[in-house]
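S.K.: Quick one, what's the 3D model for this:
(chains A and B)
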Amino acid sequence: MTITNPVVLIVDDDPAHLLLTKRVVQGILPSIEIMSFAKGAEARLWLRKHVDHPIALALVDLNLGDESGLLMVHEMRDLRSRESVPLLSLSTSDLVTDIQAAYAAGADIYLTKSLHDAEFKASLSAAVRFLMR
Amino acid sequence: MSAFRSLTTWIRRWRESDETASPSAVETSIEEKYADLLRQFQVLTNNLAASVMLRDSDNRIRYCSPYTEVLTGYARAEIYAVTGDFMETIVHPDDRERYQRSLKVAEFGEPFQVRYRFFHKSGLEMWAESRTVPILTDEGSDSASLSISLDVTATVRYQRQIEEKNRDLQDFTYMVSHDMKAPLFTIKGMLGIIRDDYPEGLPSGLQETLDHISRAAERLDQLVGSVLRYSALSAEDIAISPVDLNSVLHDVIHDLSPLPPTARIAVTSDLPIVRGEPLKLYQLFSNLLSNSMKYRDPTRDLEVTVSTAEHRNPHLVSIAVRDNGIGIPASKLGVIFRPFQRAHSTNVEGSGIGLASVKRLCDKLGGEVKVESSVGSGSIFTVTLQRGSPL
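M.R.: The predicted structure follows:
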């Protein structure tokens, strides 16, 4: 019998943003395995193939190039319940309508990619810690 | 139409009061007067580039001016043949309900104005604007209302085009500034990574270069934020209600406090109640007062006064914000209300949308803003707003 360790899923089509998010998560959870995806389609494929693989946390960028990140959030919620996977959505938008849409799709936290580096790191760290309690 | 009304009233009074007068003399004089009025009415309606219609109490058109044929494409005989309201038979189905609703208002004796689409006989979709006034009927009169209808097709079309262009421009502004945020986030994030990876510090030359990049990114960030805020201003709807400007100015000054000891802001008269939204009016005056604070003359104490000025139009009121700052050169007065145009580009912090926002807010509130200024003595910004009814 194999014991599968929970992974953290990060989906972001911008490699630099992916790197930034990854580093913050690694800072808090140094030993956890991170699965990162640049395309929504790849992430969804992985999810369908690993329906039983425990996911500790999912971080999804809402401005994915190949598709709407919202679709990704919806699909994630179809496959995994709120109880089983905490979902953090990330976006450069601070539009109320975008924020409402993300929560409606099933996000637990909506985080704006703040242009103040320190502020972004602090809020992302706090959000990750909160969701991983 | 009041001529018709007064005529019938006049005839009735004449008959009641002067029974001794020779009937034939009275009738001759009535006929002459009537014929004269009718001639005047016909000259007017025959030459008007508007359709004049007289309807009876069943809304049937009993008279319409020649231009009606141009407007609708139908001959007048065809129009008179319709037993109900002719216009209702050619009004666009989507506008029929609105049109009928407004007709009801006229039945209750109130004038109404309505803009609606209708089909010209050729099949062309057109826009008309009709103003209908009820006619107080005397017994025997068959006119219940008079309407004047104008062809506003071209106006509506231009209006639509402008609205569409504005929307496109807004979408474009939003998209561009939004798409700038992602690479900016990368630049700042990567600078953070470099700093984190070298906790013991960087070679001084490299550190200075990175600081330059960081400051440039910061500035771009502010600009993008300003564009987004400015474009959001035009998209937002304003809920209009009466607002006491005294309390708005009180909040603005309170939030700017504590003022430096060399600056004074005084409200020198009781301010009016205006039509607006408290937050928008706060933004408007906050922008104006911050502007005075920013562009002060360093050689003297800053004095800012806010006072009410009467307007020739009794429905409007002006508020003057006067300062003794550095003033604005005459050559710049024409552009200062445009976004990202600054009279003094050097050494004063600002994103260049403060006064543009003031103008946009005034436009939205149905008012306007003007400026008078002379270099060295200061500026007067005059904001004109609509008076609100007392609270």
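
S.K.: Going by C-alpha atoms from here, please, whenever you check contacts or count neighbours.
M.R.: Fine.

S.K.: what stretches of the stretch 101-250 of chain B score poorly on pLDDT?
M.R.: Within the stretch 101-250 of chain B, the stretches with pLDDT under 70 are B:105-109, B:136-143, B:235.

S.K.: Tell me the residues on it that lie near chain A, please.
M.R.: Proximity of the stretch 101-250 of chain B to chain A, by Cα under 8 Å from any Cα of the partner chain, involves residues B:178, B:181-182, B:184-186, B:188-190, B:192-193, B:221.

S.K.: Show me where the chain has its strands.
M.R.: Unless you meant another one, I'm taking chain A. Applying DSSP state E to chain A gives strands spanning A:7-11, A:33-37, A:55-61, A:87-91, A:109-112.

S.K.: hm, I was asking about chain B
M.R.: According to DSSP E, the strands that chain B contains are B:51-55, B:61-64, B:112-119, B:125-134, B:145-151, B:241-244, B:263-267, B:273-276, B:302-310, B:316-323, B:368-374, B:378-386.

S.K.: Now do the helices in the chain.
M.R.: No chain specified, so I'll use chain A. For chain A, the helices defined by DSSP state H cover A:15-28, A:40-49, A:69-79, A:96-105, A:117-131.

S.K.: please go with chain B instead
M.R.: For chain B, the helices defined by DSSP H cover B:2-17, B:23-46, B:67-72, B:76-81, B:86-90, B:93-107, B:153-197, B:204-235, B:245-256, B:278-294, B:354-364.

S.K.: re the thing from before, let me know which of the strands of chain B is tucked in deepest.
M.R.: strand B:273-276 (a mean of 24; mean count of other Cα atoms under 10 Å in any protein chain shown).

S.K.: Counting by contacts, list what that strand packs against.
M.R.: strand B:241-244, strand B:378-386 (3 or more Cα pairs under 8 Å, 6 or more residues apart in numbering or on different chains; DSSP states H and E).

S.K.: Just name whatever secondary elements the first one is in contact with.
M.R.: Which is strand B:241-244. So strand B:241-244, by 3+ Cα pairs under 8 Å, 6+ apart, packs with strand B:273-276.

S.K.: what does the strand it packs on contact?
M.R.: B:238-245, B:317, B:365, B:385-391 (Cα atoms under 8 Å, 6 or more residues apart in numbering or on different chains).

S.K.: let's go with 10 Å and repeat that
M.R.: Contact with strand B:273-276 is made by B:238-247, B:281, B:315-318, B:361-362, B:364-367, B:384-391, as judged by Cα atoms under 10 Å, 6 or more residues apart in numbering or on different chains.

S.K.: Just grab the bridge partners of residue 55 for me.
M.R.: Using chain A here. Judged by DSSP bridges, the bridge partners of A:Ile55 are A:Val7.

S.K.: try chain B instead
M.R.: B:Ile61, B:Ser145.

S.K.: tally of neighbours for B:Tyr158?
M.R.: 11 (other Cα atoms under 10 Å in any protein chain shown).

S.K.: I'd like the helices and strands packed on strand B:273-276 written out as TSV, with distance to A:Ser84 added.
M.R.: Formatted as TSV, these follow (distance: least, Cα to Cα, whole Å):
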stretch	distance to A:Ser84
strand B:241-244	49
strand B:378-386	56
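
S.K.: Which one of these lies nearest to B:Pro203?
M.R.: strand B:378-386 (48.0 Å; Cα to Cα).

S.K.: Show me what the closest one is packed against.
M.R.: With contacts taken as 3 or more Cα pairs under 10 Å, 6 or more residues apart in numbering or on different chains; DSSP states H and E, strand B:378-386 sits against strand B:273-276, helix B:278-294, strand B:302-310, strand B:316-323, helix B:354-364, strand B:368-374.

S.K.: avg pLDDT for the shortest one?
M.R.: Along strand B:273-276, the predicted confidence averages to a pLDDT of 93.

S.K.: ditto for the fourth one
M.R.: Mean pLDDT, strand B:316-323: 94.

S.K.: in its sheet, what does it sit against?
M.R.: Assessed with DSSP bridges, strand B:316-323 is paired to strand B:302-310 (antiparallel), strand B:378-386 (antiparallel).

S.K.: contacting residues around residue 64?
M.R.: No chain specified, so I'll use chain A. A:11-14, A:38-40, A:70-72, A:91.

S.K.: Oops, wrong one, chain B.
M.R.: B:45-46, B:51-55, B:76, B:79-80, B:146-148.

S.K.: Repeat that for B:Ser286.
M.R.: Contacts of B:Ser286 by Cα under 10 Å, 6+ apart are B:248-249, B:251-253, B:255-256, B:280, B:292, B:354, B:358.

S.K.: Identify the residues contacting the closest residue to A:Met35 other than its chain neighbours.
M.R.: The spatially closest residue to A:Met35, leaving aside those adjacent along the chain, is A:Leu9, at 4.9 Å (Cα to Cα, 6 or more residues apart in numbering or on different chains). Applying Cα under 10 Å, 6+ apart to A:Leu9 gives the contacts A:22, A:33-37, A:43, A:47, A:55-60, A:87.

S.K.: same thing but at 8 Å, please
M.R.: A:Leu9 is in contact with A:34-37, A:55, A:57-60, counting by Cα under 8 Å, 6+ apart.

S.K.: so where's chain A shaky on pLDDT?
M.R.: Scanning chain A for pLDDT under 70 picks out the ranges A:1-3, A:65-67, A:115.

S.K.: That one against chain B: which residues are in contact?
M.R.: A:16-17, A:20, A:92-93, A:113-118.

S.K.: Narrow those residues to just the buried residues.
M.R.: Using 16 or more other Cα atoms under 10 Å in any protein chain shown as the burial test, the residues of chain A next to chain B include A:16-17, A:20, A:92-93, A:113-115, A:117 as buried.

S.K.: Output those residues as TSV; include the columns distance to B:Gly123.
M.R.: Formatted as TSV, those follow (distance: Cα to Cα, whole Å):
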residue	distance to B:Gly123
A:Ala16	59
A:His17	57
A:Leu20	62
A:Thr92	50
A:Ser93	47
A:Lys113	54
A:Ser114	56
A:Leu115	56
A:Asp117	62
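
S.K.: Work out which residue lies at the spatial centre of chain A.
M.R.: Centroid-nearest residue in chain A: A:Leu59, 0.9 Å away (criterion: Cα atoms, centre = their mean).

S.K.: Next, work out how far apart B:Pro339 and B:Ser226 are.
M.R.: In this view, B:Pro339 and B:Ser226 are 10 Å apart by Cα to Cα, to the nearest Å.

S.K.: Common neighbours of the two, please.
M.R.: B:Ile353.

S.K.: what separates the closest residue to B:Ser373 other than its chain neighbours from chain A, distance-wise?
M.R.: Leaving aside its sequence neighbours, B:Ser373 sits nearest to B:Ser379 (Cα to Cα, 6+ apart; 4.1 Å). Using Cα to the nearest Cα, to the nearest Å, one gets 36 Å for the distance from B:Ser379 to chain A.

S.K.: Equivalent analysis for B:Leu103, please.
M.R.: Relative to chain A, and taking Cα to the nearest Cα, B:Leu103 is found at 39 Å.

S.K.: Identify the residues contacting that residue.
M.R.: B:Leu103 neighbours (Cα under 8 Å, 6+ apart): B:Phe112.

S.K.: for B:Arg195, same thing?
M.R.: B:Arg195 neighbours (Cα under 8 Å, 6+ apart): B:201-202.
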